Structure formats: C-alpha cells, structure tokens
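In: Structure of the sequence below:
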Amino acid sequence: MDNQMNEEFEIRDQVLVRYKGEEHFVDLPEGLTAVGEGAFRDCRSLWEVTIPAGVTEIRQEAFQWCANLRKVTAPESLTRIGRDVFTGTPFYKFYSENETDWSEDFLFLGKCLVKARRNLRKAIIPDGVVSIAADAFTERVLVNELVIPESVANIGWRAFADCTGLTRVHIPAGVKVLGWHCFKGCSRLWDITFDEGVEEIENGAFSGCRSLHHIVLPASVKSLSGWMFFGCNNLETVDFKGRLTAVSDWTFSGCSNLQKVKMPDSVETIGVDAFYDCTNIDVKIPRSLRRLERRAFAGDRNLSELRLPPTLEFIGDGAFNGCWGVEDVTVPAKVKNIPESAFASCENLKKLTLEKGLSSIGACAFAGCRKLEEVTVPEGVEEIGEKAFFNCRRLEKIMLPGTLKRLGAQAFASCRALAECRLPQWIGEIEGGAFDGCESLAGRDGFIVIDGVCYGCLEQSGEMRVPEGIRAIASGAFRGKQACRKIYLPESVLRVGSHAFADCPALTHVSLTANVKDLGGEPFTGSEALLTLTAPGLAPLELREERCRLAAALGFCGEEKRYGGAVAAAYTAWTEANKIKLLNAAIDGDLLQSASYFTGHSLLGEAEFQAALERAQQRKRMEIVALLLEYRNRSLSAADAFGKYSLGDF
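Out: Here you go, the predicted structure:
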C-alpha cells in the first residue's frame, strides 16, 4: 500500500494522508496503521467513520471541524489519539457537554480514553487503557478521586487541566509520558507521587498547582521541561532520585515559597528564568554545570552560598540579578563573558574573584553591589561595559589589565569610595562619565587624574581649564558635559583620546596647544554647537571631519599669532580656498575675531564684501557690520557703489 493513491484516499507508507471524497458514511481501507494529521479536516459531508483493525494511531486534528460527524467506530488496536482530533464535531461536543443522555463514565475508542463524563466524581480508570487522550478530563471540576492503572503509557495534552477538585494523584510505573499542561491549574492538588518509569514530563505539566508543597521526581526523569512547576507558589521542597541533566526554561519560576531543591551534580544546563523570583530558595549549584541561562536565579534573595563550578562555560544576562544573600563569587576560567546585569544588585557581595580566561564584562554586570570593596580584572579582558560597576558605593580599589581596549559609559560612576585605580597606559575608547561621582578619586579642582591622564571632571561649570602637568586627555574624558561651553588645555597635554569632547550640546570653543598632535577619532560627535577649535599643532587636513576643519580654521582666523611654520601655512592656504564658507560661518556665529582675519588680510573683493555685509545686516551682527564698513573705507575704492552705506543705516 506504500505510496498508494486513489480517487478518495491519499495514502503514504500505510498512513492515510488525506480523504478526498464526499461520502456521508466512510469505511477506511484495510492495511492502514495511522490516520494522519488533518486527514479529514473540515470534511463537512462526513457523518460516520469506521476505522479498520490495525490502526494504532489517530494523529492531531485528523477530524477537526467535521461539522456533521456524529459517530466514530475504532478498533482495539488503537492506542494513541493526538490533540484536537475531534474538535468542532457534534460527536465530541455530545460527550464533552452532555450530563443526562450519556450514562457511561468514559468514552473509549480502542484502548484510548477519549472523554470523561462532565459530572463525574470518582475517576476509576479501568485496566487495559493505554492512553488518556488530550483534554479527556479538562475542567472536570467535580472529580475528587483518580486511579490510573498500570496499563496507561501516555497521558495527553491538558488531560486533567483545571480539575480543581483533585487533591491526590499517583503516577504508576507504566506511564512514560505526561503531556503538555496535563495537570495545569489543579489548584487543590497537594500530593503527587511517582513510581519509577516516567521518562518525559512535557512543558507546564503542573503549572499553577498552588497547593503543592513537596515533590520527589523518579530517577527515570532525565530532564525537567519548561514551565513545569510555574506559579506553584506554595511548593517548598523538590528532590530528584536520578541523574538529571537539565532544568529547562521557567521550570520553577514564580515558586516564591520554594526553599530547598536537591539538584544532582549531573545537571549540565539550567534554563532561562528556571528559578526566577524564587525569593526564599537556597540551592547548591551542580558540579557538572556548563550553561546557566539568563535570569536563571534572578530575584532569589535567600541564595547565599554561590560556588560556580570550574566546568561552567556560559552565564546568561541577569543570571543572579538581585540575589541579595550572595557574599562571595568566583567566576571560573572557562567563562569568557560576564553578561549584562549578571550579578547586578547583589547588595551583600563582598568578595569577587575573576579567573584568567575572561574577555569581557557586560553592561551593569556588577552594578549596585554596594559592599564590594576591591576588584582585580585579569589580563585578557578587553572590554568593560556601560555601568559595569555603577554605584558600588564601598568600592575602594580597582586594578584594570593592560589588555583593556574599551571602558563603557559610567563604568565606575557613583563609586564614591574609589580612591585607588590602576589603569593601563592608554585605553583606546572610554565612553562618557566613566568615573562620574567618584569623589575620592578626584582632586580639589574636581579633575580625575591618574598617572598624568585626565579621565574627566566632576564639576559642571561652563568653562573648564585643565590644570598644568596633565600629559593626556583620555577618550571620552569630557563626554556628555551638558553645561560646558569652553574647554582650555595646558601646554603639558600631548594627546587627546577619541570622543573626548563628544555629546556636549553647549560646547562652542575648545583650545588646544601646539603640543597636541594626536586628536582621537570623532572628538566632537554630538557637540553640534561647536564654533571654534584652536589647534596650532594640527593642520586642517589632519582633522577627519569637515565640521572640525571648519571650526579649526575659524580658530586659526581668531588666534593666528599662536600658529607657525607648516601648520600656519596649511591653514592660510585652506582658509583662502574656503574663505566664503568660513566668513559666512564667522558671521553666523558672531565671531568678530575670526571675521577680522578676512578684513585684516584684505581677502574680500567688492562682490564678496557686498554679500558679507548683507548677511551680517540680516543677522544683526552689528560689530561685524562695523568691521566690514571700516574695511570698505580702508580697502575698497571710493567709486564703490556701496559707498552710500554707513553704520547709521543699520
């Protein structure tokens, strides 16, 4: 019968794939072993169907929405029925809702229990039943006694969901699979016992069983599925008899009274939110653990002893966020990245050991660890993320490695006690406010200086003058200074890092000295108000951005005497080549000194003078108007048609 096809039945490998006929009474052909998924779906002509001997399975949704199906005859060989097989049929509706015209306790098809009577109280399932179908007892709220025989091998999806009268359940050795949500919402269920034999418990099997207090899982269970005990808020203890290998996502999430879980050392994976918000739990981490997914223990405030095994390779975001009781953490060498918020708000964490092998520390990884006093970051770490140690109020000493390439924004901000800091000679990228609020690290003038490098300033004044003696300005040192308008660097500064003056919305003027010959990339990104940059050590073409070249040329025009040699020559040539653009910018910015460069060097012809004068008039730049009129009287011919203008006209 393999790959057989006729007018009514499409059959492949002894499975009926699709019925194409329109008969009211259908006898399926001999030789089938299964009715495939959706084989009769939406077959509205079907009234009765007879399934032949040899068929062992009816797959999910096989007769779904057969709106006139009223009778099904099945053989004893049938041992498995998928979910939603008869949904939307009068056949299923009769047995689901009828309380008076159906006298039997159960509907059987073959060896499958398909449905229980709605007003059933005692569910004594007869021996010989192999499968309890999906939704067989769903919302049978009067059932208060349940006996499952040894013959049952499979309990289907939602089989006993929301049976709120159930208080005790025993799962015999014959049962191999407990389906998805099979006991979900059994709110009075307080006692579940298992014989050895259960192999698979699917997602959410006991979620919402609020009366459960204790549970012991047999050795035959090798992994815990997702959402298995989700929201069992009175569950207190869980024990495992066997070599469990995995605890899946959300398994115990929301079990707020869970106090003790004896996880065997064979567990290698703990899933996403597995113990999330289990606020009273104290658990030992298995010695074979390899992966700890995001928020696995987040909010577990009673967790005190945290020993991460050397086998651990991966920690997910927020894995221990808010674990207040943790005092000592060693991150093992196989962990390459400590991710975002991994240990954030571990308020009692006092001792942190980071083993060599680590390459990065993520954003907010240890933020809010208020009792942490000292941190040594091992060699090999290249990046420390944004707010990684933010608000570690008692942190006094940090030792950062020479391999560090990037320090994120506010990485150590609000570490008020921080007084000792060992940093590499140069960090390629430091984002804004890395040491904001580090009062013990700053000098009296508010500048944070470590080994001759300025890393920022705690003051928020409009004008900043960096003190003499500083040899370099670190990347991002003044980034994000909202009120700062002018910054002056001393002769001792030789180098300025990238983004040093970025994101300063009020910044209009920066003054460097001729000693600064290295200005890092994108130094003024986001500082859109910048008008002038005095940089006598940098020629215009050494500045990567056109906007920076324009500001530097205006700085040259305003302070020409500070420039000399090849740099002065380069600015002179660039300024003359771009004089209209520069003069317009000087007028727009009301930069009298810069504008005077063009009149002082007699660079304006009659047409250029006219355009500049009209622009200055329109923008009401009266000092520049006076400058231009004086230039006309001094340098342009008396026959100039614009001789009629005088300052009084404006």
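In: Helices along this protein, start to end?
Out: Ranges of helices within the chain are 90-97, 546-558, 565-577, 579-588, 592-600, 606-618, 622-635, based on DSSP state H.
In: okay, the ones you listed, which one's buried deepest?
Out: Mean neighbour counts were compared across the helices of the chain using mean count of other CB atoms under 10 Å; the top stretch is helix 546-558, at a mean of 23. C-beta: built from backbone N, CA, C; applies to glycine.
In: Pull it out as PDB, backbone CA atoms only.
Out: Only the C-alpha atoms of helix 546-558 are listed here, as PDB (Å, rounded to 0.1, in the frame of the first residue of the first chain):
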ATOM      1  CA  GLU A 546      34.700  68.700   7.600                       C
ATOM      2  CA  ARG A 547      32.900  70.300  10.500                       C
ATOM      3  CA  CYS A 548      36.100  70.000  12.600                       C
ATOM      4  CA  ARG A 549      38.200  71.500   9.900                       C
ATOM      5  CA  LEU A 550      35.800  74.400   9.600                       C
ATOM      6  CA  ALA A 551      35.900  75.000  13.400                       C
ATOM      7  CA  ALA A 552      39.700  74.700  13.400                       C
ATOM      8  CA  ALA A 553      40.100  77.200  10.500                       C
ATOM      9  CA  LEU A 554      37.900  79.700  12.400                       C
ATOM     10  CA  GLY A 555      40.100  79.100  15.500                       C
ATOM     11  CA  PHE A 556      43.100  79.900  13.300                       C
ATOM     12  CA  CYS A 557      41.500  83.000  12.000                       C
ATOM     13  CA  GLY A 558      40.800  84.200  15.500                       C
END
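In: Verify the stated contact: residue 208 with residue 229.
Out: No: in this structure, residue 208 is not within contact of residue 229 by CB atoms under 8 Å, at 9.2 Å.
In: So which of the helices of the chain is nearest residue 420?
Out: Nearest to residue 420 among these is helix 546-558; the distance by CB to CB comes to 36.4 Å.
In: picking up where we left off before, tabulate the helices of the chain (CSV), appending distance to residue 285 and mean pLDDT.
Out: Compiled in CSV, the helices of the chain are given as follows (distance: least, CB to CB, whole Å; pLDDT from 0 to 100):
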stretch, distance to residue 285, mean pLDDT
helix 90-97, 47, 93
helix 546-558, 52, 95
helix 565-577, 62, 96
helix 579-588, 63, 95
helix 592-600, 66, 95
helix 606-618, 71, 94
helix 622-635, 72, 93
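In: want to throw the ones you listed into TSV with distance to residue 531?
Out: Below are these laid out as TSV (distance: least, CB to CB, whole Å):
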stretch	distance to residue 531
helix 90-97	78
helix 546-558	6
helix 565-577	15
helix 579-588	8
helix 592-600	9
helix 606-618	16
helix 622-635	14
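In: Quick check: the nearest residue to residue 303 once chain neighbours are set aside vs residue 45, distance?
Out: Nearest non-adjacent residue to residue 303, counting by CB to CB, 6 or more residues apart in numbering: residue 323, 4.8 Å away. Distance, residue 323 to residue 45, by CB to CB, to the nearest Å: 62 Å.
In: okay, the two: which has more neighbours?
Out: The neighbour comparison of residue 323 against residue 45 (other CB atoms under 10 Å) goes to residue 323, with 25 against 15.
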